[in-house]
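> Below are the sequence and a predicted model for it; my questions follow.
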Amino acid sequence: MVVLGAGYAGLSAAMQLAARTRGRADVEVVVVNAQERFTERMRLHLTATGQRTAELSIPDLLEGTGARFVRGWVTAIDADARTVRIDDAYALPYDTLVHGLGGVADRSAVPGAEDHAYALDGARDAELLADRLGRLAAAGGGTVVVCGSGLTGVESAAEIAERHPELDVVLLGRQEPGAAMNPKARAYVRAALGRLGVRVRAGAEVVEVRPGGVALADGQVLDADAVLWTSGTHVSPLAAAAGFAVDERGRILTDPTLRSVSHPEVYAVGDAAAVRQRYGVMHGTCQGGMPTGVHAALSVLRVLDGKRPKPFRFGYYHTPVSLGRNDAVVQFTHPDDSPRRFCLTGRLAVRYKETVTAAPWPTYGRMKKMPASGAFWPRGGRFTRIRGGEAR
């Protein structure tokens with residue numbers, strides 16, 4: 001069994017497979033990831049502002065489970081030969097593949113974004129931005145434009161403004177920050193950004209990123225000393241190139257058990273998968289990604305034992321958003337991710353958000369000893385109820 005990617009979803013699958021097959025001579029679990037360090041994506045906006053985060057080692061976590069860690073970039077998948085090519089150097093065979101190569105910022109759709117905008121795709125990317133922001137601050141100031149008013153954009157803009165008050169931070173997006181939240185939470189986000197000095201430009205569409213700024217669809221050009229791109233994501237093209245059935249965004253199409261609809265020996269998790277629930281296709285978040293990893297592992301093991309795998313069901317329950325180190329908002333949601341009336345704000349929300357952000361790593365540690373501890377998540381009730389064997 002080969003697991004590609006050790007992000008939130010991939011590592012959940014790897015830990016479950018390793019813990020539940022420990023001691024079985026007929027099963028080997030191999031985990032492939034480009035880095036040994038686990039990337040806490042929910043903390044990358046901290047790294048981007050020069051704040052230290054924990055060094056979490058994937059090989060150390062896997063030690064004692066029997067799983068083998070392979071550090072390297074996946075450069076190709078041969079579905080016919082059932083092999084994965086690593087670093088263009090050698091082929092790794094598989095009988096069962098769990099594809100968990102997550103998404104990265106989509107800078108390809110807008111001219112100049114790949115060349116002139118930073119992104120938060122990993123620790124190294126965030127460190128490059130932190131270096132740039134530090135040099136701007138040391139020089140006395142500058143303008144930072146954050147493109148994308150989604151959750152990553154909001155958190156990044158707030159963190160930069162709080163950490164570097166001498167910088168002018170502009171948040172651009174088609175929608176208002178917190179657009180999917182209820183009116184109270186949305187107003188709180190806007191007010192918090194205002195207190196931090198973030199200038200918000202809603203209804204703005206970036207059509208080009210230039211060396212010294214961004215051009216908008218209305219013809220205006222904003223000067224910028226640094227541009228951070230957080231608008232949209234895309235997944236690895238490897239799945240499509242391998243011939244797996246994918247959607248328009250390149251995500252692997254799965255059946256209700258998270259198995260590829262075109263290649264039954266392949267399972268997809270997290271951002272790499274187009275997981276359909278009754279309310280629609282799931283979007284990529286840690287809260288949904290980790291359960292897909294656990295469920296895919298359980299599906300693999302049930303098939304291995306000659307049993308029929310069960311359909312996956314998941315319902316969202318919250319949207320926590322940090323607004324610097326001392327403020328936050330938590331929007332509680334219905335299982336289909338629509339906002340409930342209740343939300344947390346201020347210091348209580350800060351503690352809640354930190355608890356959520358810190359939870360994955362110790363959760364993996366518990367899975368190592370008690371794999372069943374990872375098999376609990378909201379199933380979504382009537383929002384995901386299955387009829388006739390399929391989620392509708």
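Arrived safely, thanks for sending.
> Now for Val207, how many residues are close by?
Applying other Cβ atoms under 10 Å, we find 13 residues neighbouring Val207. For every residue, glycine as well, the C-beta is placed using N, CA and C.
> Helix, strand, or coil at Ala239?
Of the three states, Ala239 takes helix under DSSP: H, G, I helix; E, B strand; the rest coil.
> The one 4 residues further on too?
Reduced to three states with three-state DSSP, the structure at Gly243 is coil.
> Quick check: it vs Pro111, distance?
Gly243 sits 31 Å away from Pro111, going by Cβ to Cβ, to the nearest Å.
> residue ranges with poor pLDDT in the stretch 1-150 of the chain?
Applying pLDDT under 70 to the stretch 1-150 of the chain flags no residue at all.
> ranges for the helices of it?
Using DSSP state H, counting those that start in this stretch, the helices of the stretch 1-150 of the chain run over residues 8-21, 44-47, 58-62, 113-116, 123-138.
> now do the stretch 251-392 of the chain
Using DSSP H, counting those that start in this stretch, helices in the stretch 251-392 of the chain cover 286-304, 346-358, 360-369.
> Please produce CSV containing those helices, extended by mean pLDDT.
As requested, these are exported to CSV (pLDDT from 0 to 100):
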stretch, mean pLDDT
helix 286-304, 96
helix 346-358, 97
helix 360-369, 96
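> In TSV: the ones you listed, plus distance to Leu129 and mean neighbour count.
Listed next are these as TSV, based on distance: least, Cβ to Cβ, whole Å; neighbours: other Cβ atoms under 10 Å:
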stretch	distance to Leu129	mean neighbour count
helix 286-304	21	25
helix 346-358	19	15
helix 360-369	23	17
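> The ones you listed: which one's closest to Ser12?
helix 286-304 (3.0 Å; Cβ to Cβ).
> Measure how far that closest one is from the centre of its chain, please.
Remark: helix 286-304 is offset 16 Å from the chain centroid, using Cα atoms, centre = their mean, to the nearest Å.
> Show me what that helix is packed against.
helix 8-21, strand 97-99, strand 266-268, helix 360-369 (3 or more Cβ pairs under 8 Å, 6 or more residues apart in numbering; DSSP states H and E).
> Redo these as TSV? Include distance to Trp229.
Formatted as TSV, these follow (distance: least, Cβ to Cβ, whole Å):
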stretch	distance to Trp229
helix 8-21	21
strand 97-99	25
strand 266-268	25
helix 360-369	25
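> Give me the distance between His164 and Thr357.
For His164, the distance to Thr357 (Cβ to Cβ) stands at 21 Å.
> and what of Ile252?
Look at Ile252 and Thr357: by Cβ to Cβ, they are 27 Å apart.
> what does Arg249 give?
Arg249 sits 26 Å away from Thr357, going by Cβ to Cβ.
> can you tell which of the helices and strands packed on helix 286-304 is closest to Ala297?
For these, proximity to Ala297 was assessed by Cβ to Cβ; helix 8-21 is nearest, at 3.5 Å.
> can you state the direction angle for that closest one and helix 360-369?
Angle between the axes of helix 8-21 and helix 360-369 is 20 degrees (criterion: axes from the mean of the first three to the mean of the last three Cα atoms, to 10 degrees).
> so what does helix 8-21 touch, helix or strand wise?
Looks like helix 8-21 contacts strand 2-4, strand 30-33, helix 58-62, strand 97-99, helix 286-304, helix 360-369 (3+ Cβ pairs under 8 Å, 6+ apart).
> Now distance to Ala89 too, for those, in CSV please.
Shown next, in CSV, are those (distance: least, Cβ to Cβ, whole Å):
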stretch, distance to Ala89
strand 2-4, 16
strand 30-33, 13
helix 58-62, 19
strand 97-99, 19
helix 286-304, 27
helix 360-369, 29
